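Q: Next input, structure requested:
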Amino acid sequence: MIITDFELQPELENDLIKVQPLREDDFERLFEVASDPMIWEQHPNKDRYKREVFETFFKGAMESKGAFLVSDKISGKPIGSSRYYGYNKDEASVSIGYTFLAKDHWGTVFNRSLKMLMLEHAFKYVKIVYFHIGAENIRSQKAIVKLGAEKIDEIEMEYYGEKKKLNYVYKIDANDWSVIKK
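A: As a prediction, the model looks like this:
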């Protein structure tokens, strides 16, 4: 489907981070962040820290046409990635996911800041935002609940070039978002 009304790769920023469309030449800088095995220990594919596995992940990110490079605005250094995917014009929904951040940015305001930017952009165009989070990814589950998301389902999900894994589906709708963001 050609998306003409939802910009999947806008440039977004606030005082902490800069979110830019992912480019092919970002691979090495992003892999430097992603090569830490701790980042992936709770994710569905725990081997993404390996170059050949991350290459598949990166290829899927590029093909999605909705992936981002996330950088620390002060240092200018990459700290991770996220993306929009699964845009459904009829339902007026989109998903946010495939997010990872450098370990030294865990437990800080960076993940919340990233999600707030992405949600703010998404709710200009859609009524529902979904998040698919690996069943073992407790950190991400807790973080998304803190943002006001509600768990609505459990599904087997196949990531690009990977086997199916159990994921929990979370949702935030536009009405709830207008209350949450205040």
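Q: what does the worst-scoring helix or strand of the chain on mean pLDDT contact?
A: Using mean pLDDT, DSSP states H and E, the weakest-scoring helix or strand in the chain turns out to be helix 174-180, at a mean of 82. Helix 174-180 is contacted by residues 119, 123, 126-129, 147-148, 150, 172 when judged by CB atoms under 8 Å, 6 or more residues apart in numbering. Using the backbone N, CA and C atoms, a C-beta is placed for each residue, glycine as well.
Q: let's see 7 Å
A: Residues from elsewhere that reach helix 174-180 (CB atoms under 7 Å, 6 or more residues apart in numbering): 119, 123, 127, 147-148.
Q: How about it, which residues are buried there?
A: Judged by neighbour count using 16 or more other CB atoms under 10 Å, the buried positions of helix 174-180 are W177.
Q: what does stretch 43-62 give?
A: 43-45, 48-49, 53-54, 56-58, 60-61.
Q: Figure out the length between the terminal residues of that stretch.
A: Distance between the two ends of stretch 43-62: 20 Å, counting by CA to CA, to the nearest Å.
Q: Kindly report the same for stretch 159-167.
A: End-to-end span of stretch 159-167 (CA to CA): 11 Å.
Q: Name the residues of that stretch that are buried.
A: 159, 162, 165, 167.
Q: rewinding a little: let me have the buried residues of stretch 43-62 in a markdown table, adding distance to D104 as columns.
A: Conversion of the buried residues of stretch 43-62 to a markdown table gives the following (distance: CB to CB, whole Å):
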| residue | distance to D104 |
| --- | --- |
| H43 | 18 |
| P44 | 23 |
| N45 | 22 |
| R48 | 18 |
| Y49 | 15 |
| V53 | 22 |
| F54 | 19 |
| T56 | 25 |
| F57 | 21 |
| F58 | 21 |
| G60 | 25 |
| A61 | 22 |
